[in-house]
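Visitor: Have a look at this fold, sequence not included:
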């Protein structure tokens, strides 16, 4: 039996890498290329990329139809993402596509759309140490990790993180400067799974980190759908005989 | 000590009552007046109404600022609700205001905005019997109710109801025609609470029912906020000395 | 690559089948044999059985160590299950083993132990129709099923079901006599998954039903652990330098 | 209208205070007296205490019947708590009594009974700083608190905390030595509410802290039941006419 590969689309705003020299040094081809490369090394995944400045942000109906899991990194240009494309991505997630939102993507239109909240948080950029504790070792996204892993330099995100209570918090971060954060959060919306992963500031080589790459691969496998479906709102015939007389019509419902 | 009253705004689309004679007979002044009257009989509530065709749909900044709990009934004109007003209501819910969505409000813009899903379901209009089982007798919304209550004639809504898994399902419905439904669902979004209550088809006298009125009053008390707050995204000083040298600046963070 | 099979142990009280002729006619070799046969037909499962009257109820340390998923049916002799065996099963679940509790197993020691509640419910034996609605079509346990499935004759179980709010309710039942029930409930405890499946009264051929067998196979796959672990309570060295002076010792903690 | 006071019973193992001079200096009359004093200062609470070495551990049927919320601190003598008393407390929680488990009470029989898990964690005693972040500012248990509060010296508890995923995590701790912890966790079991609050090592004056006392008072109000009930398992008459012929009896069920 040939196992079908998980079709991943790595989406990146891809602006910082063009406008900030410090970012270009870390991600010369854009962070989407670093992530693509890491995931494409997994035998069960086939990976493409898409970026903001492509037509339809690279997320045509066809691309989304061929995407099982979409990863999303954005920051300085959230407002430039067209609402029609956000509608399209939301629809696809509700039908089953997995969505993995990365770092500053917490303020993306699509993340806020899926969750219904502001998704705000505290933040600080001083390159401090972050330690991510694995609080759900048996969760698929934690497979192969130890009790914790560290990133020597990261932007800090601190609570309160304004999101609906996650179904599972897989990682919780300790920051050198004194804050904590729910850094790996799982939700389901419609038939799709949503994962938020906190690390990934553009000036640090976070997505080059082997453990972070393991988390991303695990998250793709967790979010990959076994089921796709739509959400109709059908007028339905009764399955049982209805004896009540409808006062609106003076007739009893009938089993059909 | 004078206990402050809960300030309730009962919102109604108020179109069916004007255009359908059968609905006008059940709710001559609009169903918002029936609900207002029921809630205003509670000693701890002060109630006003708002409707679609008023300026700003009756939901000005001032009205929302003075509203602790908003109830919402809409059906034939969901699309006419302005997005700017939906934004305003969402913002207020995230700051703490309670939101009670009734029956066909499942397809309202505000409900779908808060939940991020389609909120679709199955339906049938033959005036069949609905029995609502109280599956969380200790929940505030179930206080004073028995093991179940019945509505002799209602529209049927059947599962799958496309919503995020509720924090609590207080009521589950049995329908004469053979379906079931999660008829009383609780969520939290930001600092606000959201309750969905299924019954309330416009051609049946559901909101005249004493038990339904008890549920509405209970739900208002449950959803009334003890806390209001905003969701800023502040740049934050560290609380601890940071020893890591930021590679982006070549400097250590400092405790301030 | 050889995929390891899921090792299933089907546990049955196996008393009704010996003492009640009506039950023996439905399950001549015991219902564990019917379930074993159904699961053993799955290419990815290897199945054994265990029953109450075997030494250690058939659940020796060795058997449990070689079990990935345990299914449990009991009714008239819950009290005869030794507490030491319940301790052993609980420990194994917390380490990762899946547990599938069937029908009258709701009152078993192991189910109440895992959940901490009474697990009580309403019931009635008149052979009425049960219709199970699939309210989470994308859940692994619902794979391959339609919108609902029916059992022509079953014992009724009705709400309130006294269990902690499930993480997911996959099935909700409609009963001919007017009740509803959360008939497929998921929880996690420690590193193990727990599923409760309502149908399976001993006088009806429920476990011969092809759809029910599909649910059982799906549930085994869902509950099969990818991870086993223990839960130590270790005294831990600090990962950071501690500057606070411990008033109890007059010394600062040290990083080691 | 006279508002009835919340009846609180503060339970303490009361052994460390007798056997360890360092503990006696912090809590000369036992930590239960410190907690009792703090709660009794609240106008809406009446408070008594109970300790391990009293007959029936001070938790007679009468005492429990008159208790709306029970707080629990134990450590060195968990094993001496009689199982019959644990049964009694569990039964009362399931009927509605609130249970607040403190610090080393994580390993008490009653906490493990209610949750079904080991409740293990990492720990370290070097008197380090703990900072508790309020991650649910709108939760009743967080009322009146700021964004965080600090304890200058505490025992460290670190994740993984082996408990079922809480309904809400109100507080998350940052520890000087590098760990994090879910320090304020809410669950419901039966009709009762359970809260776990992490701080409270016996050698530090944690329960003398004004903010901690505020948390305890808030938690008592949150856990106080509005509803008491039992959990019967009744044989139930049908509410609808049953047309199915029971193959076990050859008769149709009847509506009664």
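Guide: Structure's in. What do you need? It should be emphasised that the depicted structure is a prediction, and the values quoted were computed from it without experimental measurement.
Visitor: got a list of what residue A:182 touches?
Guide: By Cβ atoms under 8 Å, 6 or more residues apart in numbering or on different chains, the contact set of residue A:182 is A:159, A:161, A:163, A:166, A:169, A:171, A:172, A:173, D:135, D:172. All C-beta spots, glycine's among them, are computed from the backbone N, C-alpha and C.
Visitor: so it is in which element?
Guide: Element membership of residue A:182, judged by DSSP states H and E, is strand A:180-189.
Visitor: Now do that strand against strand D:180-189, angle only.
Guide: 50 degrees (axes from the mean of the first three to the mean of the last three Cα atoms, to 10 degrees).
Visitor: Run the chain-centre distance for strand A:180-189.
Guide: Centroid displacement of strand A:180-189 relative to its chain, using Cα atoms, centre = their mean, to the nearest Å, is 10 Å.
Visitor: And stretch A:45-54, by the same measure?
Guide: 14 Å.
Visitor: The longest strand seen in chain A - contacts with which helices or strands?
Guide: In chain A, assigned by DSSP state E, the strand with the most residues is strand A:122-134. Taking 3 or more Cβ pairs under 8 Å, 6 or more residues apart in numbering or on different chains; DSSP states H and E as contact, the helices and strands that strand A:122-134 lies on are strand A:148-158, strand A:168-175, strand B:245-246.
Visitor: helices and strands around the helix or strand that comes right after the last one, which ones?
Guide: Note on strand B:245-246: by DSSP H and E, the next helix or strand toward the C-terminus is strand B:251-252. Counting contacts by 3+ Cβ pairs under 8 Å, 6+ apart, the secondary-structure elements packed against strand B:251-252 are strand B:245-246.
Visitor: mind running it again at 10 Å?
Guide: Packing partners of strand B:251-252 (3 or more Cβ pairs under 10 Å, 6 or more residues apart in numbering or on different chains; DSSP states H and E): strand A:122-134, strand B:245-246.
Visitor: Give me the phi and psi angles of the closest residue to chain D within the stretch 1-150 of chain A.
Guide: Closest residue of the stretch 1-150 of chain A to chain D, Cβ to the nearest Cβ: residue A:135 (4.5 Å). Residue A:135 adopts backbone torsions of phi -100, psi -10, taken as degrees, to the nearest 10.
Visitor: and what of the one 3 residues further on?
Guide: For residue A:138, the backbone dihedrals (degrees, to the nearest 10) come out as phi -90, psi 0.
Visitor: how far away is it from residue C:93?
Guide: Look at residue A:138 and residue C:93: by Cβ to Cβ, to the nearest Å, they are 12 Å apart.
Visitor: do the same with residue A:144
Guide: Per Cβ to Cβ, residue A:144 is found 23 Å from residue C:93.
Visitor: next one: residue A:125
Guide: From residue A:125 to residue C:93 the distance is 44 Å (Cβ to Cβ).
Visitor: Check residue A:182 too.
Guide: Applying Cβ to Cβ to residue A:182 and residue C:93 gives a distance of 26 Å.
Visitor: Can you give me the neighbour number for the residue of the stretch 1-150 of chain A closest to chain D?
Guide: Residues near residue A:135, counting by other Cβ atoms under 10 Å in any protein chain shown, number 25.
Visitor: out of everything not next to it in sequence, what's closest to it?
Guide: Leaving aside its chain neighbours, residue A:135 sits nearest to residue D:159 (4.5 Å; criterion: Cβ to Cβ, 6 or more residues apart in numbering or on different chains).
Visitor: Pretty sure that neighbour sits against residue D:174.
Guide: No: counting by Cβ atoms under 10 Å, residue D:159 does not reach residue D:174; the two are 11.9 Å apart.
Visitor: what's near enough to touch the residue sitting nearest the centre point of chain A?
Guide: Nearest to the geometric centre of chain A sits residue A:100, at 1.8 Å (Cα atoms, centre = their mean). Residues in contact with residue A:100 (Cβ atoms under 10 Å, 6 or more residues apart in numbering or on different chains) are A:8, A:10-11, A:35, A:69-73, A:141, A:193-197, A:215-216, A:219-220, A:222-223.
Visitor: And for residue A:45?
Guide: Neighbours of residue A:45 in contact, by Cβ under 10 Å, 6+ apart: A:5-8, A:36, A:38-39, A:68-69, A:217, A:220-221, A:224.
Visitor: Out of the residues you listed, name the ones that lie in helices.
Guide: A:36, A:38, A:39, A:217, A:220, A:221 (DSSP state H).
Visitor: just to revisit the earlier point, so for residue D:159 and residue D:174, which residue has more residues nearby?
Guide: Just comparing residue D:159 and residue D:174: by other Cβ under 10 Å the higher neighbour count belongs to residue D:174, 29 against 24.
Visitor: Distance check, the more buried one against residue A:152.
Guide: Taken as Cβ to Cβ, the span from residue D:174 to residue A:152 is 18 Å.
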